[in-house]
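Engineer: Structure for the following, please:
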Amino acid sequence: METNQCPLYRKCGGCQLQNMDYDRQLEWKQRRVQKLLGHFGKVETIIGMQNPYHYRNKVQAAFATDRHGNIISGVYQSSTHRVVPVESCMTEDQTADKIMAAVRKLLKSFKLKPYDERTERGFLRHVLVKRGFQSGQVMVVLVAANAIFPAKKFTAALLRAHPEITTVLLNINQHHTSMVLGQRERVLYGPGYIEDTLCGCRFRISAKSFYQINPVQCEVLYRTAMEYAQLSGKESVIDAYCGIGTIGMVAAKRAGSVLGIENNRDAVHDAVANAKQNKLRNIRFLCADATECLTQMTEEDDHVDVVFMDPPRAGSTERFLLSLSELAPRRVVYISCNPETQARDLAYFCARGYAVKKIQPVDMFPHTNHVETVVLLSHKKADSYINVNVDFGEGEGKIPMDKIAERADKFKPKDKVTYKMIKEYILDKYGFKVHTAYIAEVKRSLGLPMYDAPNAVEELKQPRKHPTEVQVNAIKEALKYFEVI
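Structural biologist: All right, here's what the predicted structure looks like:
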């Protein structure tokens, strides 16, 4: 039976499960995670929200003019750039909805027009609102095609209408792109960021940095992640894809040392400030690609006890997973908003010496078909590895998920010559290190099976130098020693 609580849900497309009551939504998500991840182990009962409404602390709206000349704001209809007008939304923060209405009125009174993609005329493209649910601080970002408008007067009028706003920014986006924010940014009022409290830590949030949109469920998610990590105060920890450092800083209170890795410079800037504000001295951050960073750590034989990873929806790269498995942390806590790509990555981990111990779904996005899942992986003994060839195609769903368990069952655990064994042999005998990618290149040149060496050198985003003749000879000698050739 359809609930039809929102009259726009068919046009908007943002809340795909509005035809179900909330209990049925949770059942649907539980079945989905069970289907995709159930063969890895027991899937715990999904954790839902007590009040699954108005939970989004980040709201962005596109602005346009309708056929009658009225200024409207809302969301793009699915698969189009046609704006569906939204006055109020059952998942969005209500303060943000009221601010959008105020901006619409101000545009009319200041005789400013929304940007028209067809004519490339007009001023305002989007408005982004972020609110700290604990702090109450509010950020408004005006995303415009140009900076030609009475900024001081417009900002003053907006603050009179909503004095709860603590900062206002102007972001310039002049490109034909689906990206909302452009590169140029100017603070019109306030500090240019807001702050909020999560899991006992205070975080600075800028316009471009990532912060979980549902702070209530995020607390549940992070508590689960910390429980799975089993930190005792001595561990070395990596927080991969760390954003503004939320998971890493919560972990830092329980670990020996934490390294956060993030390629968004604005997020790293916030993360460093957050660590100082929370007086955490055992955490540091690198502005770097997580894959490149772990690859380098593998080369240097760094030691890591626990890794938290929260990749984008597309999942991790093959090289990241290879490098992480080479680092061999005792535990990996994998947080994902896409159980399909997570299932693919888990199959890879299980093929390289890890076992799935716990699986906990969390409903971070009520009324949508998205579900967040926390998975604990623990390292197994080397003689229990299973060789499985996992397809890492572009996009989602390239691997048939119902075939993963069937595929894994076809392979029996067997003795295996690992890349780590080859690297240690060369270091002991010759006194120098070789990278895993070099071993893969030599194996490929010898025509050896490559299911154990999936990181094709020619496919690296930033190709490395090829191994020297001395390194090639050392690798061949190691392969002979282990009777691979």
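Engineer: What pLDDT does the model give residue 95?
Structural biologist: Predicted confidence (pLDDT) for residue 95: 94.
Engineer: Using PDB, list the CA coordinates for stretch 194-212.
Structural biologist: Written as PDB, here are the backbone C-alpha positions of stretch 194-212 (Å, rounded to 0.1, in the frame of the first residue of the first chain):
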ATOM      1  CA  ILE A 194      30.600  26.000  10.500                       C
ATOM      2  CA  GLU A 195      31.300  23.600  13.300                       C
ATOM      3  CA  ASP A 196      29.500  20.700  14.700                       C
ATOM      4  CA  THR A 197      30.000  18.000  17.400                       C
ATOM      5  CA  LEU A 198      30.000  14.300  16.600                       C
ATOM      6  CA  CYS A 199      31.000  11.400  18.900                       C
ATOM      7  CA  GLY A 200      32.400  13.800  21.400                       C
ATOM      8  CA  CYS A 201      34.700  15.600  18.800                       C
ATOM      9  CA  ARG A 202      34.200  19.100  17.400                       C
ATOM     10  CA  PHE A 203      34.500  19.400  13.600                       C
ATOM     11  CA  ARG A 204      35.000  22.300  11.200                       C
ATOM     12  CA  ILE A 205      33.000  22.000   8.000                       C
ATOM     13  CA  SER A 206      33.700  24.000   4.900                       C
ATOM     14  CA  ALA A 207      31.600  24.300   1.700                       C
ATOM     15  CA  LYS A 208      33.600  21.600  -0.200                       C
ATOM     16  CA  SER A 209      34.400  19.200   2.500                       C
ATOM     17  CA  PHE A 210      32.500  16.000   3.100                       C
ATOM     18  CA  TYR A 211      30.500  15.500   6.200                       C
ATOM     19  CA  GLN A 212      27.900  12.800   6.800                       C
END
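Engineer: Buried residues in it, which are they?
Structural biologist: Buried residues in stretch 194-212, defined by neighbour count with 16 or more other C-beta atoms under 10 Å: 194-196, 198-199, 201, 203-212. For glycine as for every other residue, the C-beta is placed from the backbone atoms N, C-alpha and C.
Engineer: So which of those is the closest to residue 244?
Structural biologist: The closest of the buried residues of stretch 194-212 to residue 244 turns out to be residue 209 (C-beta to C-beta; 4.9 Å).
Engineer: show me the contacts for residue 430.
Structural biologist: Contact analysis of residue 430 by C-beta atoms under 8 Å, 6 or more residues apart in numbering lists 470, 474.
Engineer: rerun at 10 Å
Structural biologist: Taking C-beta atoms under 10 Å, 6 or more residues apart in numbering as the contact definition, residue 430 lies against 470, 471, 473, 474, 477, 478.
Engineer: Can I get the buried part of those residues as one ChimeraX selection?
Structural biologist: Remark: buried members of those, expressed as a ChimeraX selection using 16+ other C-beta under 10 Å:
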select :471,474,477,478
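Engineer: and which of the contacts of residue 430 is nearest to residue 96?
Structural biologist: For residue 96, the closest of those turns out to be residue 471, at 56.7 Å, with distances computed as C-beta to C-beta.
Engineer: Among the contacts of residue 430, which ones are in strands?
Structural biologist: The members of these all map outside strands under DSSP state E.
Engineer: Filter the contacts of residue 430 down to the ones in helices?
Structural biologist: With helices identified by DSSP state H, the entries of the contacts of residue 430 that belong to them are 470, 471, 473, 474, 477, 478.
Engineer: So the fifth one versus residue 427, what's the distance?
Structural biologist: Taken as C-beta to C-beta, to the nearest Å, the spacing of residue 477 relative to residue 427 amounts to 13 Å.
Engineer: what comes up buried for the helix or strand containing residue 28?
Structural biologist: For residue 28, the host element (DSSP states H and E) is helix 22-37. Neighbour-count burial for helix 22-37, counted by 16+ other C-beta under 10 Å, picks out 22, 25, 26, 29, 30, 32, 33, 34, 36, 37.
Engineer: Please apply the same query to stretch 351-363.
Structural biologist: So stretch 351-363, judged by 16+ other C-beta under 10 Å, has buried residues 351, 352, 353, 354, 356, 358, 359, 360, 361, 362, 363.
Engineer: picking up where we left off before, out of the buried residues of stretch 194-212, show me where the pLDDT dips lowest.
Structural biologist: Of all these, the one the model is least sure of by pLDDT is residue 210, with 78.
Engineer: Excluding chain neighbours, what is closest to that residue?
Structural biologist: The shortest distance from residue 210 to any residue that is not its chain neighbour, by C-beta to C-beta, 6 or more residues apart in numbering, is 4.2 Å, and that residue is residue 243.
Engineer: looking at this structure, which helix or strand does the model trust least?
Structural biologist: Across the helices and strands of the chain, mean confidence by mean pLDDT, DSSP states H and E is lowest for helix 404-409: a mean of 43.
Engineer: Rounded mean pLDDT for the very next helix or strand once past that helix, please.
Structural biologist: The element immediately downstream of helix 404-409 (helix or strand, assigned by DSSP H and E) is helix 419-430. Confidence over helix 419-430, taken as the mean pLDDT, stands at 81.
Engineer: Show me what counts as buried in the helix or strand just after helix 419-430.
Structural biologist: Going down the chain from helix 419-430, the next helix or strand is helix 436-445, by DSSP H and E. By neighbour count, and taking 16+ other C-beta under 10 Å as the criterion, the buried residues in helix 436-445 are 436, 437, 438, 439, 440, 441, 442, 443.
Engineer: Name all residues that make contact with the third one.
Structural biologist: By C-beta under 10 Å, 6+ apart, the contact set of residue 438 is 299, 419, 422-423, 426, 457, 464-468, 471-472, 474-475.
Engineer: Mind checking which of those residues are buried?
Structural biologist: Here, 16+ other C-beta under 10 Å leaves 299, 419, 422, 423, 426, 457, 467, 471, 472, 474, 475 buried among the contacts of residue 438.
Engineer: Let's have the residues you listed in TSV, adding distance to residue 58.
Structural biologist: Shown next, in TSV, are the buried ones among the contacts of residue 438 (distance: C-beta to C-beta, whole Å):
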residue	distance to residue 58
299	38
419	42
422	47
423	44
426	49
457	40
467	47
471	49
472	51
474	52
475	49
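Engineer: Nearest to residue 482, out of these: which one, please.
Structural biologist: Where those are concerned, and distances follow C-beta to C-beta, residue 482 has its nearest neighbour in residue 422, at 7.0 Å.
Engineer: who touches that closest one in this structure?
Structural biologist: Shown here is residue 422, whose contacts under the criterion C-beta under 10 Å, 6+ apart are 434, 436, 438-439, 442-443, 474-475, 477-479, 481-482, 484.
Engineer: Now these in JSON lines, please, with extra columns for pLDDT.
Structural biologist: Rendered in JSON lines, the data for the contacts of residue 422 read as follows (pLDDT from 0 to 100):
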{"residue": "434", "pLDDT": "85"}
{"residue": "436", "pLDDT": "79"}
{"residue": "438", "pLDDT": "84"}
{"residue": "439", "pLDDT": "86"}
{"residue": "442", "pLDDT": "86"}
{"residue": "443", "pLDDT": "82"}
{"residue": "474", "pLDDT": "89"}
{"residue": "475", "pLDDT": "89"}
{"residue": "477", "pLDDT": "87"}
{"residue": "478", "pLDDT": "87"}
{"residue": "479", "pLDDT": "87"}
{"residue": "481", "pLDDT": "81"}
{"residue": "482", "pLDDT": "80"}
{"residue": "484", "pLDDT": "80"}
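Engineer: All good on my end, thank you.
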